[in-house]
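**Q** Take a look and give me a structure for this.
(chains A and B)
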Amino acid sequence: MRVFDALLVEFRIALRFLSENLSQSLLIISGIGVGAAVIVFITALITGLQANIIEQTLGSQSHIRFTAPDEFNRVAPAPAGTVQLITETKRAQSLQSILNWQELLAALDSQPDLLAVSPLISGPAIASRGVARNSVVLMGMEPERYLQIVGIDESMIAGSFRVGGGNTVIGSELARDLGLALGDKLLVNAGDERATTLQIAGIFSLGVRELDERFVYLDLQEAQALLDLPGGVTVIDATIADLFEANDIAARLRALTSLKTESWMETNGDLLNALSSQSMSTQMIVVFVGMSVAFGIASVLAVSVVQRTREIGILRAMGSRRQQILRVFLLQGGVLGLLGSLAGAAVGYGLVQSFNVFGPKLFFIPIDPWLMPSAIALATVTGVLAAAAPARRAARYDPAVAIRYV
Amino acid sequence: MSESQATPVPTEEVLRLQGLRKSYNQHTPLEVEILHGLDLQLRRGELAALVGPSGSGKSTLLNVIGLLDSMTAGELYVLGKPTSSMDDEARTLLRNETIGFVFQFHHLITAFSVLENVLMPLMIRGSKPTPAQTERARSLLRAVGLEQFANKKPNAISGGQQQRVAIARALVTEPALLLADEPTGNLDTHTAGEVFELFRRFNREIGCAVLVVTHDPRLSASCDRTINLVDGHIVSDAANVPRVQAALQ
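**A** Below is the predicted model:
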């Protein structure tokens, strides 16, 4: 209580000192405000942009992909005491099923890290209509599981996501290339005389040309028959809660299942690189803006300490302790940081909302509920730290000298 | 020194200097001694004038006595407590509790009202002034004739009025010792007389010891005692007889 009372007195002196030099205080508060607004806006913008890019990228793919291990040549071990020289040709990777995938699926289903797991059989085929042909990727899956991985039903531009019973769902680019509409027939040939005719039940557009041109969704069993892997699946797709844990979870599950795993972070290395460079540049902006704000506060308080030399002297003569003088100036720094960042956070919020309402509307910037409180807390702490040097100087004044300062 | 510490301190003694020395730029070729082993005693209720030519060390002595500056050698007792070995914290506390200052330039804090300035020595103790303390501050302002300016800012009143506020401020803690460094040096003769009258009045009413540095022979003559400092030596220290006689009557 006593400490609180003492701090209250110091706070009162600090506020009076700031309000006495109102124009000087308002000027630096505006400066801090501009800095805080830039930090809030840039951080929200970049975070929003990154979230949007990740959502776009991961909207059409799973977070972790499990496939059968690569085939390799088995070499008989050489007898002891002999040297073996081998000329090896790498084996071609044929389409092969994941062994015991049903059991693995059940095991993965029980993993708490995984939100959804879906089996998929995927292989090449030629789709044709009349004389027009296109190479496609057959995607055989169970819709109720697959839709939890890729929300393709939200990207339908015609019909619905319905497979089985000779129905298929294709991408918009393929539909355009082959002139297909809902209800039309599509001949799919997976080689070796394995061919079937499918009816278009839906057309999707994921916004990624490669996928919209190649993906042909069909029932798991139909795809197994076409790709000559009865009862088999080639891929198990999974999604996770924390996207950036993908590598760690993939590594752990690789050890658990002996399958080959690929996380989205591995397959999108360039994207991650770009995102982290972007984050780094945002951090640089935040640090440099923060530094200029700190220098601003420090210089204003340095001037104030000189202006108030005699008052500091008289306070000391009346019995103010050095620590008290120190805290009066530290509090001034904190108050400047707090008020400036409150104003700045409000302006930053306004800028973000203006961007969302009046901007190019390429993407929406959500504001993290922690962004503004943390910007304000950071600015307040910066204010206190920036005040350290002037405050120490004030506290060190020799009262006998300070009183006579003209 | 231990011998003197053992000596019983007279209850009315506020201040005692024993062989007090003060040098600047110690241990450098520029070392210069300002005060050369001063002995002095001041009792409760005494009003003493410290006079001497410019550069004789009056302000330095006042700063050392006021615990604003440290001594080089000797001892300074405030209310019987030896101060030479005190750290800054202890000296600051003792200063707040026992010593009041009035300077030539009133040095009010312009960001606070007149009343708040008077209360400042209590406020910086770290607690809200009690209603009794606020009342005391008001009565001091009343005593210096400035109660109606209590809520005004210091720069809204005249220099003489500001100096009276500074006196009220110096007395709000009921100090045992009031130190004034040329408190009237910046005022016209008439205002100076009024201000000085206040020192005499509070000296009598509160009973604190007052040590006033002044260049004005009229003012020093109206004190109980005149201490004459020349080149860092006390060359004379005598009671002003007419004043003592007047007081005795």
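**Q** A:I42 reaches A:V286, doesn't it?
**A** Yes - shown here, A:I42 and A:V286 form a contact pair, counting by C-beta atoms under 8 Å, at 7.3 Å. Just so you know, the C-beta spots here come from the backbone N, C-alpha and C atoms, and that holds for glycine as well.
**Q** mind listing what the closest residue to B:F103 other than its chain neighbours touches?
**A** Leaving aside its sequence neighbours, B:F103 sits nearest to B:D181 (C-beta to C-beta, 6 or more residues apart in numbering or on different chains; 5.3 Å). Contacts for B:D181 were tallied using C-beta atoms under 8 Å, 6 or more residues apart in numbering or on different chains; they are B:K58, B:S59, B:L62, B:F101, B:V102, B:F103, B:Q104, B:V213.
**Q** same thing with B:L62?
**A** B:L50, B:L179, B:D181, B:L211, B:V213.
**Q** if you look at those residues, which of them are in helices?
**A** Nothing among these maps onto helices, per DSSP state H.
**Q** Only whichever of those residues are buried, select them in ChimeraX.
**A** ChimeraX command restricting those to the buried ones, with burial defined by 16 or more other C-beta atoms under 10 Å in any protein chain shown:
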select /B:50,179,181,211,213
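**Q** Tabulate the contacts of B:L62 (TSV), appending pLDDT and distance to A:G123.
**A** Below are these laid out as TSV (pLDDT from 0 to 100; distance: C-beta to C-beta, whole Å):
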residue	pLDDT	distance to A:G123
B:L50	94	107
B:L179	93	99
B:D181	88	99
B:L211	94	105
B:V213	92	104
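**Q** Specify the beta-bridge partners of A:M141.
**A** A:L120, A:D219 (DSSP bridges).
**Q** what separates it from chain B, distance-wise?
**A** A:M141 sits 73 Å away from chain B, going by C-beta to the nearest C-beta, to the nearest Å.
**Q** With A:S354 instead?
**A** 39 Å.
**Q** Over to A:Q50?
**A** In terms of C-beta to the nearest C-beta, A:Q50 sits 48 Å off from chain B.
**Q** Let me know whether that residue touches A:S277 as I believe.
**A** No - checked against C-beta under 8 Å, the pair A:Q50 and A:S277 is beyond contact range at 11.0 Å.
**Q** So those two - more neighbours on which side?
**A** A:Q50 (17 against 10; other C-beta atoms under 10 Å in any protein chain shown).
**Q** For A:A92, what are phi and psi?
**A** The phi/psi pair for A:A92 (degrees, to the nearest 10) reads phi -70, psi 140.
**Q** Count the neighbours of it for me.
**A** Quick note: A:A92 (other C-beta under 10 Å) scores 6 neighbours.
**Q** and it, how far is that from chain B?
**A** Counting by C-beta to the nearest C-beta, the gap from A:A92 to chain B is 84 Å.
**Q** List of residues touching the helix or strand hosting A:R316?
**A** Using DSSP states H and E, A:R316 sits within helix A:309-318. Counting contacts by C-beta under 8 Å, 6+ apart, the residues outside helix A:309-318 that touch it are A:305, A:322, A:324-325, A:394, A:397, A:399-405, B:66, B:68, B:92, B:95-96, B:101, B:103, B:105, B:107, B:109-110, B:120-121, B:124, B:169.
**Q** same check, this time on stretch A:343-362
**A** So stretch A:343-362 is contacted by A:29-30, A:32-41, A:44-45, A:364-365, A:367, A:372, A:375-376, A:379 (C-beta under 8 Å, 6+ apart).
**Q** And stretch A:193-207, by the same measure?
**A** By C-beta under 8 Å, 6+ apart, stretch A:193-207 touches A:56, A:59-60, A:152, A:155-163, A:166-172, A:175, A:180-189, A:212, A:216, A:218, A:222, A:225-228.
**Q** In helices only, show me these.
**A** Those of the contacts of stretch A:193-207 lying in helices (DSSP H): A:Q56, A:S172, A:A175, A:D212, A:E222, A:A225, A:L226.
**Q** between those residues, which is closest to chain B?
**A** A:Q56 (56.7 Å; C-beta to the nearest C-beta).
**Q** can you confirm A:L115 is in a helix?
**A** No - going by DSSP: H, G, I helix; E, B strand; the rest coil, the assignment for A:L115 is strand, not a helix.
**Q** Tell me where chain B has strands.
**A** B:13-24, B:32-43, B:47-51, B:73-78, B:81-82, B:99-102, B:177-181, B:209-213, B:225-230, B:233-239 (DSSP state E).
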